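Enquirer: Predicted model follows, preceded by the sequence.
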Amino acid sequence: MQTADIRRRWLDYFSERGHTVVPSASLVSDDPSLLFTVAGMVPFVPYLSGLVPPPYPRATSVQKCIRTLDIEEVGKTTRHGTFFQMNGNFSFGDYFKEQAIAYAWELLTTSEADGGYGFAEKDLWVTVYQDDDEAVGHWKRIAGLPDERIQRLGMESNYWSTGQPGPAGPSSEIFFDRGPQYGKEGGPAADDDRYIEIWNLVFMQYLRGPGQGKNFEILGELPKKNIDTGMGLERVAFIKQGVENLYEIDQVRPVLDRAAEISGRRYGADHDDDVRMRVVADHVRSALMLMADGVTPSNEGRGYVLRRLLRRSVRSMRLLGVDAPTFTELFTTSRDAMKAAYPEVEHDFDRIGRLAYAEEETFLRTLVSGTSILDLAVAKTQKSGARELPGDTAFLLHDTFGFPIDLTLEMAEEAGLSVDRAAFDALMLDQRTMAKADAKAKKTLMADLSVYSAFRAKGETVFTGYDFLTTDSTILG
Ligand code: ATP
Ligand code: MG
Ligand code: MG
Ligand code: MG
């Protein structure tokens, strides 16, 4: 089942059940407190929080998401992309827990021939919040799940709130069991690689008060209860396509194959190389989608995240043994895999391509000079028996070679070293303080320069430098 097919089945299912189909919002969220859209519910927050009356009682979407938090997981787990698509169905004071569970179960287990996803009932497990007897009851009645496949978990995993006073409530997650060859028995609580989380149902039913972490009071039931769910499109695709992870699905795999082809290494032959190919495939796609939504590489905020994705791709290709530029091939491949779902990546490709290639060129130069410095420092550190790279090396790399600190950290870690982060931070702080003092001094200098204008205003001058070594203050007047 192709990703496009999974998407279409989703939208058909929920629109046939009275949900308004809402197009994906941009990856650049309207919410100033968020760098990116991290979940399907983000564009609906005004309705879910009750601040704005919802224009429809139920909605559905396939939302583009970026989660930078997951960047270190990419390529190592089977299920984390920095870019992914979240299929969502939402109820604003309309249907609630029972109906949300019934929809999810029906769509997952209806046969492919009848428009569903065709999961076998025996492969599905669920988790619920420990006190949510109501959800347990619905899962038993609607899905006929036996007790042992309904796991009760605590607040950390099965309770949702924004961390602020406002709506809150328990959640219930649905998992697919990949089978004994992928890990140990015991359900999602025991092994999150064998049991893959595919869908999260959030039941917003309470109003919570202020407090930190798990310590807040439930003030009462919400007058209008909401449903917010998110199903990972790529996760369902990876299971339904019978591949090993989400980097091998139809929308991502072509880039992975291209990286293998360019490097002349075979995917599946070496674990570290496989991780690098998966990182390239993921990051190139994420960067493509970010640039299509107007983000450009820079040194802060969203632009820095994009730069980091681009640079990690360049570096992964180098670790695969490729020194030449590769973005022309990788980005056109990713464009071709994504353009059916997102035509803008094709329409806007001239601009996107130019940005990507320029960033690659600059970084390749940086990388060559910086890497030789780093290699020397690593060798010296190892020879001395120390386990930590000095902070001033990290600072030099940052200051002179434009190495972001996270790159230095990663490269040091690969050599089995840590970095004296405290010393690095102190040097950065010094530099900032000096820059401030410098700016102040420059201001003073500007003021001083006014004397030159006053001087010039005096008209013609006679050069006296041959006779006097220092300027006579009377001349300057
Ligand atoms: P996990 O525990 O696997 O990290 P999560 O609990 O953080 O997932 P949710 O916040 O519940 O994920 O998001 C809803 C759904 O979106 C998940 O059930 C999953 O299918 C999908 N999803 C979440 N993060 C990612 C990601 N980084 N890449 C791909 N799909 C994701
Ligand atoms: Mg997560
Ligand atoms: Mg989870
Ligand atoms: Mg979850």
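Expert: Now that the structure is in, tell me what you want to look at. In this text, all values refer to a predicted model and were calculated from it rather than measured experimentally. Residues are numbered from 1 along each chain as shown. Ligands and ions are numbered 1, 2, ... in the order given.
Enquirer: Sketch out the low-pLDDT regions of the chain for me.
Expert: 438-477 (pLDDT under 70).
Enquirer: at 50 instead, please
Expert: 444-460, 463-477 (pLDDT under 50).
Enquirer: Now the residue in it that ligand 1 sits nearest to: phi and psi?
Expert: In the chain, the residue that lies nearest ligand 1 is residue 232 (2.4 Å; Cβ to the nearest ligand atom). Where C-beta positions appear, they are placed from N, C-alpha and C, glycine not excepted. Backbone geometry at residue 232, expressed as degrees, to the nearest 10, gives phi -80, psi 110.
Enquirer: pretty sure it contacts residue 86?
Expert: Yes. Between residue 232 and residue 86 there is a contact at 6.5 Å, judged by Cβ atoms under 8 Å.
Enquirer: Now do the contacts for residue 15.
Expert: By Cβ atoms under 8 Å, 6 or more residues apart in numbering, residue 15 lies in contact with 21, 60.
Enquirer: Tell me which helix or strand it sits in.
Expert: helix 3-16 (DSSP states H and E).
Enquirer: Flag every buried residue along that helix.
Expert: Neighbour counts over helix 3-16 (16 or more other Cβ atoms under 10 Å) mark 3, 6, 7, 9, 10, 13, 14 as buried.
Enquirer: list the helices and strands the helix or strand following it packs on?
Expert: Counting by DSSP H and E, the next helix or strand C-terminal to helix 3-16 is strand 20-21. With contacts defined as 3 or more Cβ pairs under 8 Å, 6 or more residues apart in numbering; DSSP states H and E, strand 20-21 has these neighbours: helix 3-16, strand 58-66.
Enquirer: 7 Å instead?
Expert: Other helices and strands packing on strand 20-21, by 3 or more Cβ pairs under 7 Å, 6 or more residues apart in numbering; DSSP states H and E, are strand 58-66.
Enquirer: Kindly point out the strands partnered with the strand it packs on and how each is oriented relative to it.
Expert: Using DSSP bridges, the strands paired with strand 58-66 are strand 20-21 (parallel), strand 83-92 (antiparallel).
Enquirer: The helix holding residue 15 and ligand 1 in contact?
Expert: No. If you take Cβ under 6 Å from any ligand atom as the test, helix 3-16 misses ligand 1, and the best it gets is 12.0 Å.
Enquirer: Off-centre distance for that helix?
Expert: 24 Å (Cα atoms, centre = their mean, to the nearest Å).
Enquirer: and that helix with strand 83-92, angle?
Expert: Counting by axes from the mean of the first three to the mean of the last three Cα atoms, to 10 degrees, helix 3-16 points 10 degrees away from the direction of strand 83-92.
Enquirer: these two touch, right, residue 417 and residue 393?
Expert: No. Counting by Cβ atoms under 7 Å, residue 393 is not a contact partner of residue 417; they are 10.3 Å apart.
Enquirer: Contacts made by the helix or strand hosting residue 400 with the rest, please.
Expert: For residue 400, the host element (DSSP H and E) is helix 391-401. Contacting residues not belonging to helix 391-401 are listed as 366, 369-370, 373-374, 377, 403, 405, 408, 419-420, 422-424, 426-428 [Cβ atoms under 7 Å, 6 or more residues apart in numbering].
Enquirer: Ok, stretch 262-276 next?
Expert: 75, 76, 256, 260, 277, 316, 319, 320, 321, 322, 326, 329.
Enquirer: Quick check on the residue nearest to residue 20 when sequence neighbours are not counted: phi, psi?
Expert: Leaving aside its sequence neighbours, residue 20 sits nearest to residue 56 (Cβ to Cβ, 6 or more residues apart in numbering; 4.1 Å). Dihedral pair for residue 56: phi -150, psi 150, per degrees, to the nearest 10.
Enquirer: what number of residues lie near residue 56?
Expert: Per other Cβ atoms under 10 Å, the neighbour tally for residue 56 reads 15.
Enquirer: What distance do you get for it to residue 204?
Expert: Relative to residue 204, residue 56 is positioned 17 Å away (Cβ to Cβ, to the nearest Å).
Enquirer: One more: residue 247?
Expert: 33 Å.
Enquirer: before we move on, what about residue 277?
Expert: From residue 277 to residue 204 the distance is 40 Å (Cβ to Cβ).
Enquirer: Quick one: the strands in the stretch 351-477 of the chain, in order.
Expert: With strands called from DSSP state E, counting those that start in this stretch, the stretch 351-477 of the chain shows them at 388-389, 418-419.
Enquirer: closest one to residue 123 among those strands?
Expert: Of all those, it is strand 418-419 that lies closest to residue 123, at 42.1 Å by Cβ to Cβ.
Enquirer: which other helices and strands contact that closest one?
Expert: For strand 418-419, the packing partners by 3+ Cβ pairs under 7 Å, 6+ apart come out as strand 388-389, helix 405-414.
Enquirer: What lies in contact with it?
Expert: So strand 418-419 is in contact with 387, 388, 389, 394, 408, 409, 412, going by Cβ under 7 Å, 6+ apart.
Enquirer: quick one: strands adjacent to that strand?
Expert: Counting by DSSP bridges, strand 418-419 is paired with strand 388-389 (parallel).
Enquirer: can I see the domain layout of this structure?
Expert: For the chain, automatic domain parsing gives the domain ranges 3-240, 251-385.
Enquirer: first to last residue in the last one, what's the distance?
Expert: What it means is domain 251-385. Domain 251-385 has an end-to-end distance of 46 Å (Cα to Cα, to the nearest Å).
Enquirer: cool, the first one as well?
Expert: The first residue of domain 3-240 is 9 Å away from its last residue (Cα to Cα).
Enquirer: end to end, how far does stretch 113-131 reach?
Expert: End-to-end for stretch 113-131, by Cα to Cα: 38 Å.
Enquirer: Could you count how many residues lie near the residue lying closest to residue 209 once chain neighbours are set aside?
Expert: Excluding the flanking residues, the one nearest residue 209 by Cβ to Cβ, 6+ apart is residue 217, at 4.4 Å. The local packing of residue 217 (other Cβ under 10 Å) involves 12 other residues.
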